[in-house]
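Student: next one to model:
(2 chains)
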Amino acid sequence: GDSVTQTEGQVALSEEDFLTIHCNYSASGYPALFWYVQYPGEGPQFLFRASRDKEKGSSRGFEATYDKGTTSFHLRKASVQESDSAVYYCALGESGSFNKLTFGAGTRLAVCP
Amino acid sequence: NAGVIQTPRHKVTGKGQEATLWCEPISGHSAVFWYRQTIVQGLEFLTYFRNQAPIDDSGMPKERFSAQMPNQSHSTLKIQSTQPQDSAVYLCASSSRTGGARAETLYFGSGTRLTVL
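Tutor: The predicted structure is shown next:
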């Protein structure tokens, strides 16, 4: 079945550091890819998505580029802030049907001032 | 737009009791999804409805769990004879069909934290 792998379980940074969270996927077909962010006590919030190879999704300074060749969708931000501290989830949605999303295990980001 | 509304926010039940969780999707959204979130398993898909019809319940435990969507404005997840291992955050999400052949974006509620003693 489809799966998503997030390499980092936890990331600790200082404010203004550069962020990379790695996401690789395995899927048959041509899935759509998503990033979600979850704050304590809340459900996951949609951050952005990309639906085709080389497409870049972005929001709030975060960005990721769909790479079909390396089956990746790495999340990056040039300068993190303490308010970015949260859990980030990469997810994929099966192509060709309107269907459920499969989520990665999540990466907990802690940003120190 | 109030977003997806889930009630109650917290529920505590004794082992063997029944728990019913409620979800009100975003108005106009045609699909409702249920997920379960635990530290160990992460976000697990349970089931989903489209236009109130059950489409995929492949993630639902076959015994004790059931879900319904009697009308377009709410869905329920019922767990009979709750067990401690059912303790989790249950998340509801809704989405609208945007056309094309790509997966939809899900919008989640804040979840119901179920604790089974």
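
Student: show me where pLDDT drops low in the chain?
Tutor: Going with chain A. A:95-98 (pLDDT under 70).

Student: nope, chain B please
Tutor: B:1, B:97-103.

Student: which residues in the chain form strands?
Tutor: Just so you know, I chose chain A. In chain A, the strands defined using DSSP state E lie at A:3-6, A:10-14, A:19-21, A:23-26, A:32-38, A:45-50, A:56-59, A:62-65, A:75-77, A:86-93, A:101-103, A:107-112.

Student: my bad, the chain I had in mind was chain B
Tutor: Using DSSP E, strands in chain B cover B:5-7, B:10-13, B:19-24, B:31-38, B:42-50, B:53-56, B:65-71, B:74-79, B:88-95, B:107-108, B:112-116.

Student: in a markdown table: these, plus distance to residue A:20.
Tutor: In this view, the C-beta of every residue, glycine as well, is placed from N, C-alpha and C. Below are the strands of chain B laid out as a markdown table (distance: least, Cβ to Cβ, whole Å):
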| stretch | distance to residue A:20 |
| --- | --- |
| strand B:5-7 | 33 |
| strand B:10-13 | 36 |
| strand B:19-24 | 35 |
| strand B:31-38 | 25 |
| strand B:42-50 | 21 |
| strand B:53-56 | 34 |
| strand B:65-71 | 38 |
| strand B:74-79 | 37 |
| strand B:88-95 | 27 |
| strand B:107-108 | 25 |
| strand B:112-116 | 32 |
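
Student: how near is the residue lying closest to residue B:116 once chain neighbours are set aside to residue B:13?
Tutor: Residue nearest to residue B:116 in three dimensions, not counting chain neighbours: residue B:82, with 4.5 Å by Cβ to Cβ, 6 or more residues apart in numbering or on different chains. Distance of residue B:82 to residue B:13, computed by Cβ to Cβ, to the nearest Å: 5 Å.

Student: list the residues that contact both of these two?
Tutor: Common neighbours of residue B:82 and residue B:13, using Cβ atoms under 8 Å, 6 or more residues apart in numbering or on different chains, are B:19, B:114, B:116.
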